[in-house]
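Peer 1: Following is a predicted model, sequence given first.
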Amino acid sequence: MFARGMKALALICVLVACRPKARSGMPEIAPSDRPHLVVLLVIDQLPAWAFTAKRSALTGGFDRLLREGEWHTGQYPSPATLSSPGHALLGTGEPPASSGILANEWWDRPQGRMVRSVEDPIAGVSAHWLRVPGLGDSIAAARTGAKAVSVSLTDRAAILPLGHAGTAIWYDKAAIAFTSNAPLPWLADHARTHPISAHLQDVWTPLDRAKLAELAGVTDDEPGEVGERGFGPSFPHALADTKDPADAVFAAPIGNELVLETALAAIDGEHLGSDAAADLLVISLSAHDDVGHGWGHESWEAWDMMLRLDEQLGRFLASLDAKVGANKWTMIVTSDHGASPMPERLHGGRITFESLIDAANRAASTELGAGSWIASAKYPTIFLTAAANGKPAKDRALVFKKILLALRSYPGIERAGRTADFAGHCDKRTGEALAICLMLDPARSGELFYVPRAGWIFETEAEPLATSSGSLQPSDREVPVILAAPGRHAHPPLALPDAATIAMVQIAPILAHWLAVTAPTELPRPPK
């Protein structure tokens, strides 16, 4: 049975920290159980702890999946628990040390500026920075005629899981419509018949205020809640009252609805799941991430978003049954990363990146004199300026020592070190040293790294956050993984996850196995 085989594989991978292999050790799928459509549903920023807390209230789509599939806890291999590294890992099976996707953005030394994870100097946006193949490349290499399509509100979440091939679709707030990396006539038709502008007068109000108060056990305006995308800390949230209603879509339930609606249009427009060559559909629900950042996972907004998503998912699964066939689709539901509980609940706090730059620069100045010595301190690494790196090695060693002392003086920083001491040869490391190694690209990462203590998060002065992700903590690294596998059968509803943990580097190989293609980790690397 597929479920038992997956549990055994997952447990082995946790015990020996195995590297993903192409269908190695995975059970054969009976010809009658072969899927026509494989779906990866990514609910951005969904910690395992938060999903478990909400499970009993979910009676729609999630409940159906937990009556048919498996529920595990997935563990990310490194503290680079951010959206871009997470989406890249889900589609490639590779952590930042090999994928090259360090964070959502980072300092690029040759250009002397910050770069976004999917920016492309020629195409505008693409997987230009991704060093490895993704699931889209696996499907293209198989030459079966199958398709790989991804839909998200954000470009990075749409592009990175596919790799360097496939059709990525994302929301363009300037056009107030979905766009793609290739001309799609059906998408233009969908935009005309389903105008997003019609939703910019929407007001997000609670489904049931009394129920939310009971489920959440907190008030609608808890300390630490700050709102997001122009919304305030408490209900109601009117898109039209924000500075940019088209942008506010990213932080409202309508964002999830629009993505799922467009994904169903993609099934029809691209004829996904219409023949025996299994197609891939990646769906990323980015609005959930914004809600976490703005209000925290304990908030009314997070509960209301999840209850609505439960209903939306139920309708989506019924549509899959109708369009593809109830036994002809498979799905993995998971997240790109977790998040911390509200710092107020853990007696933690918040640290701004600006304060880190200031502290690091002052420390460097004690050795180098007055000047601008820090290029960037965005999590998880600190980049020195070209001027600082041009100093003699002896001086730089002293600068590193002084900066690390400054970082370690922060009550919220658990660990800081030199990248050169941890990057490379990850196969020879264990424990936290291994996790940190997998976070660092020897060529692209900053000279120094840092990770926060439990309950502490990082933010910018311009954008305060309720909570965030990025740490060695289980709250950030552990996410739910629901497997609706080939040949699944109905069973009593699952109330808790299985004891067997899944290493998140295994998600891409599992999907490749269901697709009957070579796993991305077994494909040749694209030319640099």
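Peer 2: Perfect, thanks for sending it. Numbering: from 1, shown residues only.

Peer 1: So which residues of the stretch 101-250 of the chain form helices?
Peer 2: When secondary structure is read from DSSP state H, counting those that start in this stretch, the stretch 101-250 of the chain shows helices at 135-142, 155-159, 185-193, 209-216, 245-248.

Peer 1: Let me know the average pLDDT across stretch 51-65.
Peer 2: Model confidence over stretch 51-65 averages 98 on the pLDDT scale.

Peer 1: Can you give me the domain assignment for the chain?
Peer 2: When the chain is parsed into structural domains using automatic domain parsing, the resulting residue ranges are 2-11+36-61+81-310+499-522, 349-459.

Peer 1: Let's have those domains in a markdown table, adding distance to P343 and mean neighbour count.
Peer 2: No exception for glycine: its C-beta is placed from N, CA and C like everyone else's. A markdown table is the format used below for the domains of the chain (distance: least, C-beta to C-beta, whole Å; neighbours: other C-beta atoms under 10 Å):
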| stretch | distance to P343 | mean neighbour count |
| --- | --- | --- |
| domain 2-11+36-61+81-310+499-522 | 6 | 21 |
| domain 349-459 | 5 | 18 |
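
Peer 1: With distance to S340 as extra columns, can I get the ones you listed in CSV?
Peer 2: Supplementary listing: the domains of the chain in CSV, determined by distance: least, C-beta to C-beta, whole Å:
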stretch, distance to S340
domain 2-11+36-61+81-310+499-522, 8
domain 349-459, 6
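
Peer 1: of all those domains, which lies closest to H337?
Peer 2: Each of the domains of the chain has some distance to H337 by C-beta to C-beta; the shortest is domain 2-11+36-61+81-310+499-522, at 3.8 Å.

Peer 1: Can you give the distance of that closest one from its chain's centre?
Peer 2: The offset between the C-alpha centroid of domain 2-11+36-61+81-310+499-522 and the centroid of the whole chain comes to 7 Å, using C-alpha atoms, centre = their mean, to the nearest Å.

Peer 1: hmm, back to that, right, and the helices of the stretch 101-250 of the chain - which one's nearest A363?
Peer 2: Of all those, helix 155-159 sits nearest to A363, with 32.5 Å by C-beta to C-beta.

Peer 1: Convert the C-alpha atoms of that closest one to CSV, please.
Peer 2: Written as CSV, here are the backbone C-alpha positions of helix 155-159 (Å, rounded to 0.1, in the frame of the first residue of the first chain):
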residue,chain,number,x,y,z
ASP,A,155,5.8,35.8,-9.0
ARG,A,156,8.4,34.0,-6.8
ALA,A,157,5.9,31.4,-5.6
ALA,A,158,4.7,30.8,-9.1
ILE,A,159,8.1,30.6,-10.7
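
Peer 1: Distance of P524 relative to P133?
Peer 2: 8 Å (C-beta to C-beta, to the nearest Å).

Peer 1: swap that for G292, sorry
Peer 2: G292 sits at a distance of 30 Å from P133 (criterion: C-beta to C-beta).

Peer 1: Repeat that for D358.
Peer 2: Distance check for D358 against P133: by C-beta to C-beta, it reads 41 Å.

Peer 1: and what of I159?
Peer 2: In this structure, I159 and P133 are separated by 13 Å, where distance is defined by C-beta to C-beta.

Peer 1: One more: D44?
Peer 2: According to C-beta to C-beta, D44 and P133 sit 23 Å apart.

Peer 1: try S234
Peer 2: 45 Å.

Peer 1: residues touching S365, list them.
Peer 2: Taking C-beta atoms under 8 Å, 6 or more residues apart in numbering as the criterion, S365 is in contact with 371, 373.

Peer 1: host element of it?
Peer 2: helix 353-368 (DSSP states H and E).

Peer 1: Among the domains of the chain, which comes closest to R477?
Peer 2: The closest of those to R477 is domain 2-11+36-61+81-310+499-522. By C-beta to C-beta, the value is 5.7 Å.

Peer 1: okay, M26: pLDDT?
Peer 2: Reading off the model, M26 has pLDDT 83.

Peer 1: and if you look at M1?
Peer 2: In this model, M1 is scored at 38, pLDDT.

Peer 1: pretty sure I283 belongs to a strand, no?
Peer 2: Yes - in this structure, I283 lies within a strand as judged by DSSP: H, G, I helix; E, B strand; the rest coil.

Peer 1: distance of it from I374?
Peer 2: As for I283, its distance to I374 is 39 Å (criterion: C-beta to C-beta).

Peer 1: swap in A177?
Peer 2: Counting by C-beta to C-beta, the separation of A177 from I374 is 40 Å.

Peer 1: Same question for F51.
Peer 2: Distance, F51 to I374, using C-beta to C-beta: 38 Å.

Peer 1: Let me see the contact set for A420.
Peer 2: Under the criterion of C-beta under 8 Å, 6+ apart, the contact list for A420 reads E447.

Peer 1: Same question for it, what's its three-state structure.
Peer 2: Of the three states, A420 takes helix according to three-state DSSP.

Peer 1: And it, how far from L264?
Peer 2: Where L264 is concerned, A420 sits at a distance of 49 Å (C-beta to C-beta).

Peer 1: now do V38
Peer 2: Going from V38 to L264 by C-beta to C-beta gives 16 Å.

Peer 1: and if you look at L511?
Peer 2: As judged by C-beta to C-beta, L511 and L264 stand 20 Å apart.

Peer 1: Repeat that for A318.
Peer 2: Between A318 and L264 the distance, using C-beta to C-beta, works out to 11 Å.

Peer 1: Ok, A360 next?
Peer 2: A360 sits 48 Å away from L264 when distances are taken as C-beta to C-beta.

Peer 1: Could you point out the longest helix of this structure?
Peer 2: Across the chain, the longest stretch assigned as helix under DSSP state H is helix 300-323.

Peer 1: now for it, which elements pack on it?
Peer 2: Judged by 3 or more C-beta pairs under 8 Å, 6 or more residues apart in numbering; DSSP states H and E, helix 300-323 is in contact with strand 37-43, helix 48-54, helix 61-68, helix 209-216, helix 253-269, helix 287-295.

Peer 1: now with 6 Å?
Peer 2: helix 61-68, helix 209-216, helix 253-269, helix 287-295 (3 or more C-beta pairs under 6 Å, 6 or more residues apart in numbering; DSSP states H and E).

Peer 1: And the contacts of the helix or strand following it?
Peer 2: Remark: after helix 300-323, the chain's next helix or strand is strand 329-334, criterion DSSP H and E. Around strand 329-334, the neighbours that count as contacts under C-beta atoms under 6 Å, 6 or more residues apart in numbering are 35, 37-41, 74, 320, 479, 481-486, 514.

Peer 1: Between helix 253-269 and strand 329-334, find me the angle.
Peer 2: 150 degrees (axes from the mean of the first three to the mean of the last three C-alpha atoms, to 10 degrees).

Peer 1: now strand 329-334: mean pLDDT?
Peer 2: Strand 329-334 shows a mean pLDDT of 98 in the predicted model.
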